[in-house]
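> Mind looking at a prediction? Sequence and model below.
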Amino acid sequence: MADESFSVTDVSFTSDDTKATGETSQTQSSDDFGQSTVPLTVVSLNQQADSFRQQQKAVPELPSAKFQYSVWHDLKFVEVRGDELKAPRVRKAPVEEEKVLYKVVDEENKAVHHSIMGKEKTQHKIKMENWESAKYVSLSYQELNDRYQQNNMYRILARLRLVEYLNLPHNSITDISQFSFPKCEFLNLNNNYIASFKSLPKLPCIKYLLLETNSVGSLDGLRRFRSSGLEELYLAANPITFVPGYRSRVFQILPRLLMLDGIPKLESDLIKEPDLEDNNKGCVVA
């Protein structure tokens, strides 16, 4: 029987039997030990995959692609306002793409976006956003990778004076301590890059604070929520949760807290930890 085993440096070939059945046979002599071998079936499949990729045509662009940079208040004949939307897109388009928006047309070759420009456009945007009246705001996954996008988000946060429910996960946020949400009772900042409680906004009425999957490594700054009436705090997947006595330390700082990481206050959480320090940083690996 012919030897169809070969090393990766050999010239690849496929027998007639392999082409017909997809099966291969391999024999290996003592001289072949130590060499890397590749079954002919694998080579054949890889060749087929390469051929398929080369023949595959480009995926056609979906009709919705022309709206990828559109914001609702840029569309014509739209009367809905920002405080009426459940999860509005607020991510600002690149400057070069904004010019393209006004060239987009529908099936009847009519302009999709309004043609308002300059100060009138700014006034129209502020009116349609109406963030000052918003009580429930969800601005997750806004892809704030560039400075101009971050500035646009911060512009909106500064206007949320009446917000009670604020959802901001997955936004790469590091610090929003310059903002104040005087009526906010629920704040979700999961999956961001917050490293300290000092990086949080002023929240005098907060009851539910979600900070899971961030970078909080210290309880420094947590005491500021002692008078806020905070009832539930979620810190799972933060470095601080690995500190010995973590739960007891949190409840000592916040005696009115009812729930931590989804678990109600336990009797074991009331044991006072010695040498309690707010600035206990880092995690301990046993």
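Nice, thanks for sending it over. Remember, predicted model here, so these are calculated numbers, not experimental data. Numbers count the residues shown, from 1 in each chain.
> just the helices in the stretch 151-286 of the chain please.
246-253 (DSSP state H, counting those that start in this stretch).
> what residues go with each domain of the protein?
Annotated domains of the chain cover 16-55, 99-270 [automatic domain parsing].
> where's the residue found closest to V105 once you drop the neighbours it is linked to in the chain relative to L101, distance?
Distances taken as CB to CB, 6 or more residues apart in numbering place A111 nearest to V105, at 6.0 Å, with adjacent residues excluded. Every residue, glycine included, has its C-beta placed from N, CA and C. Remark: distance between A111 and L101 (CB to CB, to the nearest Å) = 10 Å.
> Between these two, which has more neighbouring residues?
Set side by side, A111 and L101 show more neighbours around L101, with 20 against 14, by other CB atoms under 10 Å.
> The more buried one is in contact with K76, isn't it?
No. Counting by CB atoms under 8 Å, L101 sits too far from K76 to count as a contact (11.4 Å).
> Need the overlap of contacts for these two.
H113 (CB atoms under 8 Å, 6 or more residues apart in numbering).
> how close does the nearest residue to I194 once chain neighbours are set aside get to L101?
Distances taken as CB to CB, 6+ apart place N214 nearest to I194, at 4.4 Å, with adjacent residues excluded. Look at N214 and L101: by CB to CB, they are 35 Å apart.
> and if you look at G229?
45 Å.
> now do I253
In terms of CB to CB, I253 sits 50 Å off from L101.
> quick one on the thing from earlier: got the contact list for the residue nearest to I194?
L189, N190, N191, N192, Y193, I194, A195, A237, N238.
> Check K202 too.
Contacts of K202 (CB under 8 Å, 6+ apart): F179, S180, F181, P182.
> Let me know the closest of these to Y136.
Distance to Y136, by CB to CB, is smallest for F181 among the contacts of K202, at 12.5 Å.
> can you count the residues close to the closest one?
Residues lying near F181 (other CB under 10 Å) number 23.
> Please tell me the pLDDT value assigned to it.
For F181, the model assigns a pLDDT of 98.
> Surely it touches L187?
Yes. Between F181 and L187 there is a contact at 7.3 Å, judged by CB under 8 Å.
> Report the set of residues contacting both of the two.
Residues touching both F181 and L187 by CB under 8 Å, 6+ apart: L166, P201, L203.
> Can you tell me which of those is closest to E107?
Minimum distance to E107 across the shared contacts of F181 and L187 is 38.4 Å, recorded for L166 (CB to CB).
> Relative to W131, how far out is the closest one?
L166 is 11 Å from W131, by CB to CB.
> which residues are in contact with both of those two?
V137, L160.
> Would you mind listing where the stretch 151-286 of the chain has pLDDT under the threshold?
274-286 (pLDDT under 70).
> Which stretches in the stretch 101-250 of the chain count as strands?
Secondary structure of the stretch 101-250 of the chain (DSSP state E, counting those that start in this stretch): strands at 136-138, 165-167, 186-188, 208-210, 232-234.
> Could you save those as a markdown table and add columns showing mean neighbour count and distance to Y69?
Shown next, in a markdown table, are the strands of the stretch 101-250 of the chain (neighbours: other CB atoms under 10 Å; distance: least, CB to CB, whole Å):
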| stretch | mean neighbour count | distance to Y69 |
| --- | --- | --- |
| strand 136-138 | 18 | 20 |
| strand 165-167 | 19 | 23 |
| strand 186-188 | 20 | 26 |
| strand 208-210 | 20 | 30 |
| strand 232-234 | 19 | 34 |
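> how about these, which one is nearest P60?
strand 136-138 (32.0 Å).
> Direction included, what does that closest one pair up with?
Sheet partners assigned to strand 136-138 using DSSP bridges are listed as strand 165-167 (parallel).
> Show me the contact partners of the strand it pairs with.
Contacts of strand 165-167 (CB under 8 Å, 6+ apart): 87, 135-140, 160, 181, 184-188.
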